[in-house]
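>>> structure for the following, please:
(3 chains)
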Amino acid sequence: MDTKRAKKFQEELKKKVRIVPLKKVITCVAGVDAAFFGDKGERIIGAACLFRYPELTLIDTSYRIKKTTFPYIPGYLSFREGPVITEALKGLKKRPDICLFDGQGIAHPRGLGIASHIGVTLGIPTVGCAKSRLVGEYTGPGPKKGESSLLVFEGRTVGAVLRSRDKVRPLFVSPGHRIDLEGALRIVKGCLGRYRVPEPLRCADLLTKKIKREEAAPHS
DNA sequence: GCGACAG
DNA sequence: ATCTTGTCGC
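Below is the predicted model of the structure:
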């Protein structure tokens, strides 16, 4: 798969993305993340953590390891991390009502960030929650936790810039699939604990690092 | 050609 | 993402 085909693939999948209000009540939320290891980062770890919502108690975790097959190219992150994350998600005992991603939803050059891509692929609601911007213009949100401003790209509101804690650098929230911006913001805010990153994503990130340490140490 | 550019 | 300890700021 080269970037030319990947681009065509994104343009086709984008047609299936649905930005609509959430109807079903959310009972559980999953967070996913990926990490690399090996001399050249030739192996990738995908992790998924499922939380009861809105209690935010951990229900289940899952992870998978695969060989890295696609390089990191801005705009094509889903081709690098999507496969292993999808497998990790399928390893969860229960199918999540919604899933949070460490990356963009529709706030993407072709409207198909990793959250939207995997959302369409698995047919589940997803939310993009990135730590930095890929596309779009915005004015910084207020300094208090919970304050947000709009992220606009090519004249369209594609997401929001959210202050997840007092002062810290804001998060870039955008709908992935089967949800709208209001719903995406509501869920992300509902997943915030004492850190900048929402609990499900933080848990997946920690799991990813834990597995990496175990993998680096001698097996037995 | 130059700068931008999720993880 | 990853390489990495102490350290400046709130």
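>>> grab the most central residue of chain A for me.
A:Phe101 (0.8 Å; Cα atoms, centre = their mean).
>>> tell me what that residue is bridged to.
A:Val32, A:Gly128 (DSSP bridges).
>>> all the strands of chain A, residue numbers only.
With strands called from DSSP state E, chain A shows them at A:28-37, A:43-52, A:57-67, A:98-101, A:126-130, A:148-153, A:156-162, A:171-177.
>>> would TSV of those with distance to DNA strand B and mean pLDDT be doable?
The C-beta positions use only the backbone N, C-alpha and C, and glycine is treated the same way. Putting those into TSV (distance: least, Cβ to the nearest atom of the strand, whole Å; pLDDT from 0 to 100) gives the following:
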stretch	distance to DNA strand B	mean pLDDT
strand A:28-37	6	98
strand A:43-52	10	98
strand A:57-67	15	98
strand A:98-101	7	98
strand A:126-130	4	98
strand A:148-153	12	98
strand A:156-162	11	98
strand A:171-177	7	98
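>>> export the ones you listed to JSON lines and append columns for distance to A:Pro74.
Converted to JSON lines, the strands of chain A look like this (distance: least, Cβ to Cβ, whole Å):
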{"stretch": "strand A:28-37", "distance to A:Pro74": "16"}
{"stretch": "strand A:43-52", "distance to A:Pro74": "18"}
{"stretch": "strand A:57-67", "distance to A:Pro74": "22"}
{"stretch": "strand A:98-101", "distance to A:Pro74": "16"}
{"stretch": "strand A:126-130", "distance to A:Pro74": "12"}
{"stretch": "strand A:148-153", "distance to A:Pro74": "14"}
{"stretch": "strand A:156-162", "distance to A:Pro74": "16"}
{"stretch": "strand A:171-177", "distance to A:Pro74": "14"}
